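[1] how would this look folded up:
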Amino acid sequence: MKTRFLPRLMAGKGMVIGALLALAVPGVAYANAVSVTVKTPGATAGPTTTFSEISTHADCSSGLVSGGGIEQAIGTGPASPGNHVMGTEPSSDGTTEYTGTTGVVGTDNTHWLGIGGSGGAVNSSFSTTPYAVCFTSNLINHTQIVMNKAAGPTAAATPVAVTATCPANTVLLGGGARTTPASVGSLKPIASFPTFNNAAHDNGLKAAADGETNPDSWTAVGWNGGGGGATNETYAYAICSGSGINVGGVTVKVHYTEVSTSSSAGANTVVTTGCGTDGNLVSGGAGASGGNITTNDYTGPGSGGDHLNGSFPSDSSGNPVSDGTTTASYWTADAHAGGASSTNTYADVWALCANDGV
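    From the prediction side, this is the model:
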């Protein structure tokens, strides 16, 4: 696990997808049936007061969380930039957060948290919807959560990145991000993405690129548009296969897309990527950034008010899946320009796709 601080240089009922993973053993191939179900309870209203947050959860009735997402309603008008993602993360029970000692913090989780935060304005349209991606496999029948954290950010528009890395001989399935406290209204996670703990990716500061396979780490980036807050923290969560499982025949492929955002104040930019023929969607990530973050270290977006309003499983048009959908194979990011114009800002999205083993 690696913690890094960045200078600013300037983002239920289920969907069941069949798949095969094969465990590679010399001379023998064992097929391992996989199913993935997206669960969502729908929207929870709020926050209803400034500088606060709400927490809601999606729960797996079967399987283990391989990842999860969040989508927010913000309404229109001058208050709409006030709703932003504060956390999208695994949980042991749908309430408890992993914010204590770093390292392996949980096993076989079946719940996902979506946490929405408010800045200096609220309206009655604010809500947050969580999504749990529930993974079942004869091979990967146990998972573990690795958490890492870093102090900050406290300085205005200066990102802080922190990376959680899976144990050796395991495979990354997904990840999440969180910032605290909500009382600092300009504080939020601005990016959450798969990566590698190696020199080529600057130990997690460069995100995994389109087409890369088997990332081993997850990075979260905290962003504090207005600065302030003496106790700010940024948390990264990596969801990994359980220890002692031979994952030599498993391939997880990254799909990634980046687009330039609208520079207009209050504008949303939605970007979507999908698995295609490269396997089945198991998780995804999202970010707002200064661009080119798979070839360079992450840089922050063009305005301190930029934030995320969504990172979720979707259809090809970027619409979030509903409870009971069986066809989702895309992931969507929703980046918002905030209350001021934002130039040189990009919206980034990642999908992790489990390929057939060989």
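
[2] Quick check: which helices or strands does the helix or strand encompassing residue 348 pack against?
    Using DSSP states H and E, residue 348 sits in strand 346-355. Contacts defined by 3 or more CB pairs under 8 Å, 6 or more residues apart in numbering; DSSP states H and E place strand 346-355 against strand 172-180, strand 187-195, strand 251-260, strand 268-274, strand 280-289, strand 330-336. Just so you know, the C-beta spots here come from the backbone N, C-alpha and C atoms, and that holds for glycine as well.

[3] Residue 295 is nearest to which of these?
    Nearest to residue 295, of all the helices and strands packed on strand 346-355, is strand 251-260, at 10.5 Å by CB to CB.

[4] quick one: the helices in the stretch 1-150 of the chain?
    Listed in chain order, the stretch 1-150 of the chain contains no helices at all (DSSP state H, counting those that start in this stretch).

[5] before we move on, back to that, let me have the helices and strands packed on strand 346-355 in CSV, adding distance to residue 70 as columns.
    As requested, these are exported to CSV (distance: least, CB to CB, whole Å):
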stretch, distance to residue 70
strand 172-180, 9
strand 187-195, 10
strand 251-260, 19
strand 268-274, 14
strand 280-289, 9
strand 330-336, 10
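
[6] do you know which of those strands lies nearest residue 306?
    Nearest of the helices and strands packed on strand 346-355 (CB to CB): strand 280-289, 4.9 Å.

[7] Please state the offset of that closest one from the chain centre?
    6 Å (CA atoms, centre = their mean, to the nearest Å).

[8] go on, stretch 235-255?
    Centre-to-centre, stretch 235-255 and its host chain are 15 Å apart (CA atoms, centre = their mean).

[9] Using PDB, list the CA coordinates for the helix or strand harbouring residue 220.
    Assigned by DSSP H and E, residue 220 belongs to strand 217-224. Only the C-alpha atoms of strand 217-224 are listed here, as PDB (Å, rounded to 0.1, in the frame of the first residue of the first chain):
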ATOM      1  CA  SER A 217      -4.300  -1.900  -6.600                       C
ATOM      2  CA  TRP A 218      -7.000   0.800  -6.200                       C
ATOM      3  CA  THR A 219      -6.400   4.500  -5.800                       C
ATOM      4  CA  ALA A 220      -8.600   7.100  -4.200                       C
ATOM      5  CA  VAL A 221      -8.000  10.800  -4.700                       C
ATOM      6  CA  GLY A 222      -9.300  13.400  -2.200                       C
ATOM      7  CA  TRP A 223     -10.100  17.000  -3.300                       C
ATOM      8  CA  ASN A 224     -10.800  20.000  -1.200                       C
END
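
[10] for it, what is the average pLDDT?
    Averaging pLDDT along strand 217-224 gives 98.

[11] same question, stretch 342-358
    Averaging pLDDT along stretch 342-358 gives 83.

[12] re earlier: got the CA coordinates for the strand holding residue 348 in CSV?
    In CSV, the C-alpha atoms belonging to strand 346-355 read as follows (Å, rounded to 0.1, in the frame of the first residue of the first chain):
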residue,chain,number,x,y,z
TYR,A,346,-11.9,15.7,-18.1
ALA,A,347,-14.3,13.0,-17.0
ASP,A,348,-12.8,9.5,-16.6
VAL,A,349,-14.4,6.1,-16.4
TRP,A,350,-13.1,2.6,-15.9
ALA,A,351,-14.8,-0.8,-16.2
LEU,A,352,-13.3,-4.0,-14.9
CYS,A,353,-14.2,-7.0,-16.9
ALA,A,354,-13.7,-10.7,-15.8
ASN,A,355,-12.5,-12.7,-18.8
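
[13] Each with direction, which strands does it pair with?
    The pairing partners recorded for strand 346-355 under DSSP bridges are strand 251-260 (antiparallel), strand 280-289 (antiparallel).

[14] got the angle for the last one vs strand 268-274?
    Spelled out, that is strand 280-289. Going by axes from the mean of the first three to the mean of the last three CA atoms, to 10 degrees, strand 280-289 is angled at 150 degrees with respect to strand 268-274.

[15] Buried residues, the following helix or strand past strand 280-289. List them.
    Helices and strands here follow DSSP H and E; after strand 280-289, the next one along the chain is strand 307-314. Across strand 307-314, burial judged by 16 or more other CB atoms under 10 Å covers 307, 308, 309, 310, 311, 312, 313, 314.

[16] Would you mind listing the residues in contact with the closest residue to the fourth one other than its chain neighbours?
    Translated: residue 310. Leaving aside its sequence neighbours, residue 310 sits nearest to residue 334 (CB to CB, 6 or more residues apart in numbering; 3.3 Å). Contact analysis of residue 334 by CB atoms under 8 Å, 6 or more residues apart in numbering lists 71, 72, 268, 269, 270, 286, 308, 309, 310, 311, 347.

[17] any idea of the pLDDT on the closest residue to residue 220 other than its chain neighbours?
    Among residues not flanking residue 220 along the chain, residue 177 sits closest, at 3.3 Å (CB to CB, 6+ apart). Listed pLDDT for residue 177 reads 99.
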